[in-house]
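> no sequence for this one, just the structure:
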């Protein structure tokens, strides 16, 4: 969506935050929970909204690149929190896992704290980024193993 | 049609549903199936239910399949009903299929296209012989891996569009029509048609697409490109104001290429039909692309001769949840309805019988026969 005016964010701070919000949302819930076990404890928080399950309408483009059309919806769960220092964290994750959305929102708030950011990056974001890269690499490598070269034979008439 | 409420039968209905639950479970000595098994091992059924239920959620689709005993239309119905209980938070940015992380990508018209041909996990080239080894619980072989993908794999219109031989997409960011929010009116725009087809019944779309190949609506299709893979889902949450990639979904995209003789305003070129489907669903995406192209007949100035070219016919009947509701409601009580029809028929027969020279037709049922 590079061509879309909404993406990527113009502000570099937004860019970094968009990257970690996305990474937390795309993580497998069990893996995120495991990372949190090894991370420094997150600050106390108050729920501002949710966790609440709802829908996002997915869209395609006619012909792949034309006018948008509605393809169908996807379940998502969102949550917003305010931590003890007043930092606001938001999350929208695929599926219906409230614990996932809540953990992601708390992490979004905590990652905005310069005092916590580096430790959380090491304990949570780096491992999640590594597993996502690993999953994508496996997909690409399996696809590459099925790459084929078709030969056209002379038509026999 | 008038409906009249019926009362009674609660005990029988409870007993019937209890039996249904027992029948769903089947032989208790066979281990119960987990929804994770359905999600992982019946993925094509999950994909179909997500498409026809119009809700991307593999876990819920697996649950629906289990609950419906594998009746995929019933499962789609369950998913469709569930979605009506949820608020819609946002619409995602249109997916960028050119940036798809490919599992499969083939073209039937160009063998050497940039990015290459990738077979992926396909049933093509299998012999369609039952594999009796699956009766045993053997571990599957690991999928082989090879050096990763060399470079980007642009979509076929992006490759061929330059010469003008292939119809180009006209990009816009217009807000699309939503058939779940507004009643469908005709003539329907392509956005509404694509939304309807995307959740249409696969069998119905397949039959319609096939009909265009059998001469009902004239077009000669080629698979310009078929790709399956992961795409990013990006939303712009109101509270953030910038785009975030909150997840990935697997989609199948089909670019069907058709010859077009040209019109008063357009030179001869190849036109395209488009299919996009949840999950790995090649048959659905191809059928959708064939029907999408057929439905463009009027726009392209072609003769309207076949059912697949009639948007009202196709869109009003392709939804299997609506279709099954209307067909299956016929088995629910219609006693009063039928009683009134019965009386009408009796009256007509009595009138005909009293007319001079009219006798009962041969083999007619006597009017007073008990029902």
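Looks like it arrived, so ask away. This one's a predicted model, so the numbers in the text were calculated from it and none came from an experiment.
> CA atoms for contacts and neighbours, from now on please.
Will do.
> show me what the lowest-mean-pLDDT helix or strand in chain A is in contact with.
When the helices and strands of chain A are scored by mean pLDDT, DSSP states H and E, strand A:147-148 comes last with a mean of 88. Residues outside strand A:147-148 that contact it (CA atoms under 8 Å, 6 or more residues apart in numbering or on different chains) are B:116, B:117, B:118, B:119, B:120.
> tally of neighbours for the residue lying closest to the third one once chain neighbours are set aside?
Spelled out, it's residue B:118. Distances taken as CA to CA, 6 or more residues apart in numbering or on different chains place residue A:147 nearest to residue B:118, at 4.2 Å, with adjacent residues excluded. When neighbours are defined as other CA atoms under 10 Å in any protein chain shown, residue A:147 has 20 of them.
> rewinding a little: given the least confident helix or strand of chain A, what are its sheet partners and their directions?
When pairs are called by DSSP bridges, strand A:147-148 turns out to pair with strand B:117-118 (antiparallel).
> what's the biggest helix in chain A, counting residues?
helix A:126-145 (DSSP state H).
> what mean pLDDT does that helix have?
Averaging the model's pLDDT scores along helix A:126-145 yields 94.
> now it: buried residues?
A:128, A:129, A:132, A:137, A:138, A:139, A:140, A:141, A:142, A:143, A:144, A:145 (16 or more other CA atoms under 10 Å in any protein chain shown).
> let's have the residues you listed in TSV, adding distance to chain B.
Formatted as TSV, the buried residues of helix A:126-145 follow (distance: CA to the nearest CA, whole Å):
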residue	distance to chain B
A:128	13
A:129	13
A:132	11
A:137	7
A:138	8
A:139	7
A:140	6
A:141	5
A:142	4
A:143	5
A:144	5
A:145	5
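> hmm, back to that, counting neighbours, which of the contacts of strand A:147-148 comes out on top?
That'd be residue B:117 among those, by other CA under 10 Å, with 26 neighbours.
> quick check: beta-bridge partners of it?
residue A:148.
> what count of nearby residues applies to the closest residue to residue B:50 other than its chain neighbours?
Distances taken as CA to CA, 6+ apart place residue B:56 nearest to residue B:50, at 5.3 Å, with adjacent residues excluded. Applying other CA under 10 Å, we find 31 residues neighbouring residue B:56.
> pretty sure residue B:56 is touching residue A:74, no?
Yes. Counting by CA atoms under 8 Å, residue B:56 does reach residue A:74; the two are 4.4 Å apart.
> endpoint to endpoint, stretch B:305-325 covers what distance?
29 Å (CA to CA, to the nearest Å).
> mean confidence for that stretch?
94.
> any bit of it sitting next to chain A?
No. Residues of stretch B:305-325 are not located near chain A by CA under 8 Å from any CA of the partner chain, the shortest gap being 13.3 Å.
> hang on, the earlier thing: what lies in contact with the longest helix of chain A?
By CA under 8 Å, 6+ apart, helix A:126-145 touches A:23-24, A:27, A:31-32, A:35, B:101-104, B:118-120, B:143-149.
> please compute how far it lies from its chain's middle.
15 Å (CA atoms, centre = their mean, to the nearest Å).
> domain assignment for chain B?
Per automatic domain parsing, the structural domains of chain B span B:31-87, B:97-121+B:152-168+B:177-325.
> so how far is the first one off the chain centroid?
In other words, domain B:31-87. 14 Å.
> in contact with residue B:252, which residues?
B:226-229, B:275-282, B:285.
> just give the closest residue to it, not the sequence neighbours.
Going by CA to CA, 6+ apart, residue B:252 has residue B:228 as its nearest residue, at 4.4 Å.
> tell me how far the one you found lies from residue B:285.
Taking CA to CA, one finds residue B:228 at 10 Å from residue B:285.
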